[in-house]
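>>> only geometry, no sequence info:
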């Protein structure tokens with residue numbers, strides 16, 4: 001690998017992690033609503049908790065930002081590097097989101113950022129996983145159930161479609177990481193206590209209007 005590609009790889013690894021570590025849920029909540037989403041709902045900075053606490057508009061902003069921070073580094077890495085290096089670079093935003101240096105090692109569950117990575121590297125798999133996620137969400141209205149099903153579908157689709165071995169291994173690792181990050185949700189699902197999504201109402205905190 002040339003010196004310029006080596007430098008690009010280092011920059012994407014470091015930059016990808018730092019981009020992934022940016023807690024957009026916290027920034028949107030504090031900046032536009034004066035609310036720290038970590039103090040409400042599940043305490044998570046991801047899209048689902050933002051939806052429950054702040055509503056659809058805030059959740060959509062966070063979702064787009066979280067997907068993009070996974071998509072951009074993965075797309076660049078897939079175009080520039082061999083598959084093994086590409087998946088390392090692509091995984092860094094997911095790691096940053098789940099173990100954010102800005103949140104002292106805390107973070108989200110990696111679903112939206114992981115989806116961005118999949119879109120950047122394996123767009124066909126992304127479409128399959130998205131279809132499964134939407135189907136489960138619309139059927140049971142439980143985000144964690146949809147996310148867990150998508151995490152299981154991800155490696156299955158990657159292995160069934162003609163992708164490099166590196167991408168398939170990454171799909172297994174990331175799918176497992178997302179499942180492990182949902183351990184509390186799995187417990188609540190088994191106990192029948194996992195909340196269903198309310199489409200028409202905003203729950204949780206009562207934030208001030210966006211400034």
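Received, thanks. The structure presented is a predicted model; accordingly, all values stated were derived computationally and were not measured.
>>> give me the number of residues near the closest residue in space to residue 124 that isn't next to it in sequence?
Among residues not flanking residue 124 along the chain, residue 161 sits closest, at 5.7 Å (C-beta to C-beta, 6 or more residues apart in numbering). Using the backbone N, CA and C atoms, a C-beta is placed for each residue, glycine as well. Residue 161 is flanked by 13 other residues according to other C-beta atoms under 10 Å.
>>> Ok, residue 3 next?
Neighbour tally, residue 3, other C-beta under 10 Å: 7.
>>> How much space separates it from residue 9?
11 Å (C-beta to C-beta, to the nearest Å).
>>> same thing with residue 156?
Using C-beta to C-beta, residue 156 is found at 29 Å from residue 9.
>>> do residue 198 as well
44 Å.
>>> Enumerate every residue touching the residue nearest to residue 124.
Counting by C-beta atoms under 8 Å, 6 or more residues apart in numbering, residue 161 makes contact with 122, 124, 125.
>>> so which of the residues you listed comes closest to residue 47?
Among the contacts of residue 161, residue 125 lies closest to residue 47 (C-beta to C-beta), at 20.3 Å.
>>> residues in contact with the host helix or strand of residue 139?
If you go by DSSP states H and E, residue 139 is part of helix 123-140. Outside helix 123-140, the residues within contact range by C-beta under 8 Å, 6+ apart are 115, 118-119, 142-143, 145-147, 149-150, 153-154, 157-158, 161, 163, 171, 196-197.
>>> which sections of the chain are below the confidence cut-off?
For the chain, applying pLDDT under 70 flags the ranges 199-211.
>>> Please, where are all the strands along it?
For the chain, strands defined by DSSP state E do not occur.
>>> biggest helix in it, by residue count?
Counting residues, the longest helix found in the chain (DSSP state H) is helix 56-80.
>>> Return the set of buried residues in that helix.
Buried positions in helix 56-80, judged by neighbour count with 16 or more other C-beta atoms under 10 Å: 58-59, 61-63, 65-78, 80.
>>> what do you get for stretch 20-40?
Buried-residue list, stretch 20-40, by 16+ other C-beta under 10 Å: 20-29, 32-33, 35-38, 40.
>>> what distance separates the start and the end of it?
22 Å (C-alpha to C-alpha, to the nearest Å).
>>> can you check stretch 17-34 too?
Length of stretch 17-34, first residue to last, C-alpha to C-alpha: 27 Å.
>>> distance of residue 32 from residue 85?
37 Å.
>>> State the distance from the nearest residue to residue 129 once chain neighbours are set aside to residue 192.
Leaving aside its chain neighbours, residue 129 sits nearest to residue 150 (4.9 Å; criterion: C-beta to C-beta, 6+ apart). Distance of residue 150 to residue 192, computed by C-beta to C-beta: 21 Å.
>>> Next, work out how far apart the nearest residue to residue 194 once chain neighbours are set aside and residue 148 are.
The shortest distance from residue 194 to any residue other than its chain neighbours is 4.1 Å, reached at residue 188 (C-beta to C-beta, 6+ apart). The spacing between residue 188 and residue 148, counted by C-beta to C-beta, is 12 Å.
>>> Also residue 26?
Using C-beta to C-beta, residue 26 is found at 24 Å from residue 148.
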